[in-house]
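*Asks:* Build me a model:
(one chain, ligands or ions: 1)
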Amino acid sequence: MKEANYKNILVEQDGPIGIVTLNRPKVLNALSHELMDELVTALEAFDQDDSIRVMIITGSERAFAAGADIGEMSDETTISIMLKDRFATWDKVRRVKKPIIAAVSGYALGGGCELVMTCDIIVASESAQFGQPEINIGVIPGAGGTQRLTRIVGKHKAMEMILTGRPITAQEAYHYGLVVKVVPVELYLEEAKNLAQEIAKKSPVALKLAKEAVLKTYDASISEGLEFERKNFYMLFSSEDQKEGMKAFLEKRQPTFSGR
Ligand code: DAK
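*Replies:* Now for the predicted structure:
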C-alpha cells in the first residue's frame, strides 16, 4: 500500500519521527478494518526505515479513537469474526520494534484505549478520556483491554472501568500511571514530539533491545490472558445482547439486554 493510497490516516515524517494521524473525523476515528490495515502498513514501513527512530500515533483534538467500528461488527457471529482473524492485524502493532508514543486528546475508548495501551508511552491532553465501554454494547474488551488495563491500573480500578464502562479523565489516567504527562490541548502533540526527539537521540539498537526487554517481562504472562480474553470475546458474538447492544447504538437508542 503506497502512502498516497491511505484513506483513513495521514502519514508524515518530522526529522527522526514518523507520525501517523488517525483521520476518520466523522466517526471519531473509529478503527475500521481498513484503517487498521493502513495503520499497520505505515508503522511497518517506519520500522523498516533507518531515518525514523521513534513513531507517534495521534488522532484529533476531539478523538484519538472512539473504538473499533461498531457498524462493521454488529452483524458478526462467533464463527464469522473468528474466521476473519482481525486480531492478526492488531497483533502486528505490538510487534513493531521501534518505540511508539501515543499522543492522545479526546476520546480513547474501547479499541482506541487498547491501541493506546499497545503503544510504549502515552502523552495526553487535558481533554483526554480513557475507557473500555464495550459492556454498554453487550461485549467485553477484545484487543487486550482486560489484560493490559488491569496490569496498569490494578484489578479494582480495571474492574470498575470494565464493568461500568465509565471512562477516566486524563488526570486520573496520570494518577494511575497510564499516561506520563498531561498538558493543555494545544500542546499535547508538541509534548509528544519533544519526548520523541529526546528518545531519537539514543542508540537505535539499544532502543529496540530496551523495548524488547521491557515487553518480554510484560508478555511472558500476558499471552495466556489474551488467548482467554479472545475466546470470551468471540463467544459473545453468539449472544442476543451483542446484537441488541450494537444495533441499539447504531439506531441511537438505549439497549434492552436480555442476558442471553
Ligand atoms: N463505531 C462507529 N461509529 C462511531 C463510533 C464507533 N466506535 N463511535 C462514534 N461513532 C460515530 C457515531 O455513530 C456518530 O456518527 P453519525 O451519527 O454522526 O453518523 C459519530 O461517530 C459521532 O458520534 P456521536 O454523535 O455519538 O458523538 P458524541 O460526542 O455524542 O459521543 C461518544 C461520543 C464517543 C461518547 C459516542 O460516540 C460513543 O459512545 N461511541 C461508541 C464508543 C464505544 O462503545 N466504543 C467501543 C466500541 S467496541 C477487535 C479489535 C478491537 C475491538 C473489537 C474487535 N478485533 C480485532 C476483532 C474493539 C471493540 C470496540 O472498541
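*Asks:* contacts and neighbour counts: CA atoms only from here.
*Replies:* Fine.
*Asks:* So is the helix or strand harbouring Val40 next to the ligand?
*Replies:* Under DSSP states H and E, the secondary-structure element containing Val40 is helix 33-48. No. Contact of helix 33-48 with the ligand (Cα under 6 Å from any ligand atom) is absent, the minimum separation being 8.3 Å.
*Asks:* Roughly how far does Phe193 sit from Thr58?
*Replies:* In this structure residue 193 is Lys, not Phe. 11 Å (Cα to Cα, to the nearest Å).
*Asks:* In this structure Arg53 contacts Ala206, no?
*Replies:* No. Contact criterion Cα atoms under 8 Å: Arg53 and Ala206 do not qualify, at 11.2 Å.
*Asks:* Counting neighbours, go ahead and name the busier of those two.
*Replies:* The neighbour count for Arg53 versus Ala206, taken as other Cα atoms under 10 Å, is higher for Arg53 (26 against 10).
*Asks:* Count the residues that sit near Asn194.
*Replies:* Neighbour count for Asn194, taken as other Cα under 10 Å: 12.
*Asks:* Helix, strand, or coil at it?
*Replies:* helix (DSSP: H, G, I helix; E, B strand; the rest coil).
*Asks:* Neighbour count: Lys193 and Thr58, which is higher?
*Replies:* Shown here are Lys193 and Thr58; by other Cα under 10 Å, Thr58 has more neighbours (26 against 22).
*Asks:* thinking Leu189 is in contact with Ala103, fair?
*Replies:* Yes. With contact defined as Cα under 8 Å, Leu189 reaches Ala103; the gap is 5.9 Å.
*Asks:* Quick check: neighbours shared by those two?
*Replies:* Each of Thr58 lies in contact with both Leu189 and Ala103 under the rule Cα atoms under 8 Å, 6 or more residues apart in numbering.
*Asks:* So for those two, which residue has more residues nearby?
*Replies:* A side-by-side neighbour count of Leu189 and Ala103, using other Cα under 10 Å, places Ala103 first with 30 against 24.
*Asks:* Give me the residues contacting the helix or strand where that one lies.
*Replies:* Using DSSP H and E, Ala103 sits in strand 100-104. Identification of contacts with strand 100-104 by Cα under 8 Å, 6+ apart yields 54-59, 61, 63-64, 116, 119-125, 128, 188-189, 192, 196.
*Asks:* Spell out which residues of the stretch 1-150 of the chain are next to the ligand.
*Replies:* For the stretch 1-150 of the chain, the residues in contact with the ligand (Cα under 6 Å from any ligand atom) are 26-28, 30, 66-71, 86-87, 90, 109-111, 133-134, 142-143.
*Asks:* Run through the residues that contact the residue positioned nearest the centre of the chain.
*Replies:* Centroid check for the chain by Cα atoms, centre = their mean gives Leu115 as the closest residue, at 1.3 Å. With contact taken as Cα under 8 Å, 6+ apart, Leu115 is in contact with Ala143.
*Asks:* Check Val123 too.
*Replies:* 101-104, 179-182, 188, 191-192.
*Asks:* for it, helix, strand, or coil?
*Replies:* Secondary structure of Val123, per three-state DSSP, is strand.
*Asks:* Show me what it is bridged to.
*Replies:* Val123 has these beta-bridge partners by DSSP bridges: Ala103, Lys181.
*Asks:* pLDDT wise, what is it at?
*Replies:* In the prediction, the pLDDT value recorded for Val123 is 98.
*Asks:* No more questions from me, cheers.
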